[in-house]
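Peer 1: Here you go, sequence then predicted model.
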Amino acid sequence: MSNLRNCRRCGKLYVYTGRPICGSCIEEDEQLYKIVREYIEKHPRSTTFEVAEALDISVDKILQFLREGKLELSGDNINMLLECERCGKPIRTGRFCPECSADIEKELKKGYTVKEQTAASRNKSEMYMAHRRKK
């Protein structure tokens with residue numbers, strides 16, 4: 001059975017594919033992204049506010065594109081609106097600074113190896129237990 005949901009943006013019923021918005025809203029976002037990208041290519045030193053005002057879109061939508069990694073602020077951009085969600089340091093794209101990203105990745109890998117080791121030790125004890133039961 002398909003997982004049907006209502007689109008958060010337009011309210012239309014759609015088959016859920018992992019995103020909270022329907023296909024037509026996703027397509028609308030992609031078209032908007034292309035317009036923003038083209039504007040930035042023509043006006044590379046413009047600020048987020050200038051882009052939003054020139055294209056008559058919300059700053060939040062531009063920030064969404066930045067957080068998704070679709071856009072990146074230039075190094076000389078004085079308009080640093082993005083902050084790392086973990087430490088608060090200014091960033092140019094995404095959700096986390098490179099240091100926090102590395103820390104999160106290291107912690108996730110550490111948790112994975114601990115879980116893997118626990119599962120391996122459990123399998124050894126289960127094999128031993130099953131072996132003892134047969135005798």
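Peer 2: Looks like it came in fine. None of these values were measured; they are calculated from a predicted model.

Peer 1: Please, where are all the strands along this structure?
Peer 2: Secondary structure of the chain (DSSP state E): strands at 4-6, 13-15.

Peer 1: To Val59, which of those lies closest?
Peer 2: strand 4-6 (26.4 Å; C-beta to C-beta). C-betas here are computed from N, CA, C, even on glycine.

Peer 1: now the strands of the chain in TSV, with distance to Arg45 and mean neighbour count?
Peer 2: Formatted as TSV, the strands of the chain follow (distance: least, C-beta to C-beta, whole Å; neighbours: other C-beta atoms under 10 Å):
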stretch	distance to Arg45	mean neighbour count
strand 4-6	41	13
strand 13-15	39	13
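
Peer 1: Next one, pLDDT for Arg95 please.
Peer 2: Here, the pLDDT recorded for Arg95 equals 91.

Peer 1: To clarify, my last question referred to Asn79.
Peer 2: Asn79 is assigned 57 on the pLDDT scale.

Peer 1: do Tyr128 as well
Peer 2: 49.
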